[in-house]
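Undergrad: Got a sequence here, can you model it:
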Amino acid sequence: MKLKQLTALLLVATLVLALPGCKKKENAPSSGGSAPSSGGSSVESDPDWPVRIGETDILAAPQKVISLSPGTTEMLFAMGLGSRVVGVSDYCDYPPAEVEKRHRCGTVLAPKTSQIQSQGADLVVTAARLTEQDLIWFQQQEIPVLVLERAESLQELQQNYLNLALALMGNVSGKNHGEGYWAELSGMLEEGAGYSNGTSPKAILLRQMGYGMATGETFEGSLLEELGFVNDAAAYTGWLYDRANVAALEPDVIFADVSISVDEVKKSVIYAPVAAVKNDKVTNVDFTVFERQSPRMFEALREMGRFGYE
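TA: Presented below is the predicted three-dimensional model:
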């Protein structure tokens with residue numbers, strides 16, 4: 001009996017002595033890394049991602065972007081983000097050497113979903129809303145869609161450029177890049193206005209020959225005023241000057257779309273008598289850049305200011 005009791009006691013003592021050793025082994029750091037912190041994960045969050053723009057969530061930096069609008073395509077390349085563009089719309093034509101290298105992916109109203117999917121797209125940008133059916137498809141594919149609708153003011157346009165930078169570069173890097181790029185664009189507008197010597201000549205921006213011009217409520221009309229001109233069509237709306245008051249139309253400068261030749265304006269019974277024609281202050285501008293609100297629009301505005309005030 002005593003021998004059995006002694007054997008049992010020795011067994012219990014052996015187990016007790018073994019326990020601290022086991023515990024020490026479990027807590028020992030592995031040879032491949034440091035011991036886990038009692039305060040949780042030591043991985044720092046990325047300040048750039050995710051990004052939320054309106055109702056669009058972008059979880060990481062997009063690398064394969066599809067642009068379904070000519071304006072957004074121009075913006076992407078001008079902002080130095082063109083290397084991430086793998087597909088463009090059927091209507092994209094600028095910059096020509098670059099868009100010709102990209103896959104054609106349809107239009108806003110008819111995106112080529114199979115083409116977009118085959119490119120492994122991780123972001124779609126456009127200047128107009130997709131149909132509900134197409135939007136649902138993109139949601140099912142987990143491809144974010146960023147819509148940068150046409151701006152009606154410089155403030156809205158600035159936000160469009162900033163949002164595009166945020167979408168591709170993240171919260172911090174995108175904000176810095178977007179604000180810096182907008183400063184360059186607004187600088188061109190200021191340069192155009194800077195040609196003024198304190199004068200405020202009357203100007204019109206003709207989109208169609210006759211009376212189709214930028215009226216008071218249009219974004220283009222406000223841009224004329226940003227340049228320091230007096231918009232001679234400011235009293236009217238709907239891109240149409242009231243022909244009943246044509247006698248009061250007396251612009252000092254006429255900017256006409258490239259579809260209207262300077263000679264056509266000068267020979268017109270409407271404009272032949274005005275100061276702009278008499279003083280040879282009629283020139284062409286490409287109205288496409290205003291429709292797209294691309295960076296080339298600011299280059300055009302700078303040259304408009306130069307021409308108007310010379």
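
Undergrad: in a strand, that's where F255 is, yeah?
TA: Yes. Assessed with DSSP: H, G, I helix; E, B strand; the rest coil, F255 lies in a strand.

Undergrad: so it bridges to which residues?
TA: Taking DSSP bridges as the rule, F255 bridges to L205, T283.

Undergrad: burial of it, as a residue count?
TA: 28 (other Cβ atoms under 10 Å). All C-beta atoms are positioned from the backbone trio N, CA, C, and that covers glycine.

Undergrad: surely it meets V285?
TA: Yes. With contact defined as Cβ atoms under 8 Å, F255 and V285 form a contacting pair (5.0 Å).

Undergrad: Common neighbours of those two, please.
TA: Common contacts of F255 and V285, defined by Cβ atoms under 8 Å, 6 or more residues apart in numbering, comprise L205, M304.

Undergrad: how far away is L68 from E190?
TA: Relative to E190, L68 is positioned 32 Å away (Cβ to Cβ, to the nearest Å).

Undergrad: Which of the two has more residues huddled nearby?
TA: When neighbours are counted by other Cβ under 10 Å, L68 comes out ahead of the other of L68 and E190, with 30 against 15.

Undergrad: from memory that one sits against T107, does it?
TA: Yes. L68 lies in contact with T107 (Cβ under 8 Å); the separation is 6.5 Å.

Undergrad: if I look at these two, which residues touch both of them?
TA: Joint contacts of L68 and T107 (Cβ under 8 Å, 6+ apart) are S89.

Undergrad: Contacts only, for the nearest residue to D46 once chain neighbours are set aside.
TA: Leaving out its chain neighbours, the residue that sits closest to D46 by Cβ to Cβ, 6 or more residues apart in numbering is G170, at 7.6 Å. By Cβ under 8 Å, 6+ apart, the contact set of G170 is D46, P47, D48, W49, V51, A61.

Undergrad: now swap in Y91 and tell me
TA: P70, T107.

Undergrad: before we move on, what SS does it have?
TA: Per three-state DSSP, Y91 ends up coil.

Undergrad: Quick one: neighbours of the residue nearest to G194 when sequence neighbours are not counted, just the number.
TA: The shortest distance from G194 to any non-neighbouring residue, by Cβ to Cβ, 6+ apart, is to G305 (7.3 Å). Neighbour count of G305, defined by other Cβ under 10 Å: 23.

Undergrad: Looking only at the helix or strand where G305 lies, what residues are buried by neighbour count?
TA: G305 belongs to helix 295-309 when assigned by DSSP states H and E. Neighbour counts over helix 295-309 (16 or more other Cβ atoms under 10 Å) mark 295-298, 300-305, 307-309 as buried.

Undergrad: again with stretch 86-94
TA: For stretch 86-94, by 16+ other Cβ under 10 Å, it's V86, G87, V88, S89, C92, Y94.

Undergrad: Pull the distance from that stretch to the chain's centre.
TA: Put simply, stretch 86-94 sits 15 Å off its chain's centre (Cα atoms, centre = their mean, to the nearest Å).

Undergrad: Convert it to PDB, retaining C-alpha atoms only.
TA: C-alpha atoms of stretch 86-94 as PDB (Å, rounded to 0.1, in the frame of the first residue of the first chain):
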ATOM      1  CA  VAL A  86      -7.200  50.100 -71.000                       C
ATOM      2  CA  GLY A  87     -10.400  51.000 -72.800                       C
ATOM      3  CA  VAL A  88     -12.200  54.000 -74.200                       C
ATOM      4  CA  SER A  89     -15.500  54.700 -75.800                       C
ATOM      5  CA  ASP A  90     -16.200  54.400 -79.500                       C
ATOM      6  CA  TYR A  91     -16.300  58.300 -79.700                       C
ATOM      7  CA  CYS A  92     -13.000  59.000 -78.000                       C
ATOM      8  CA  ASP A  93     -10.500  60.700 -80.300                       C
ATOM      9  CA  TYR A  94      -8.100  62.700 -78.100                       C
END
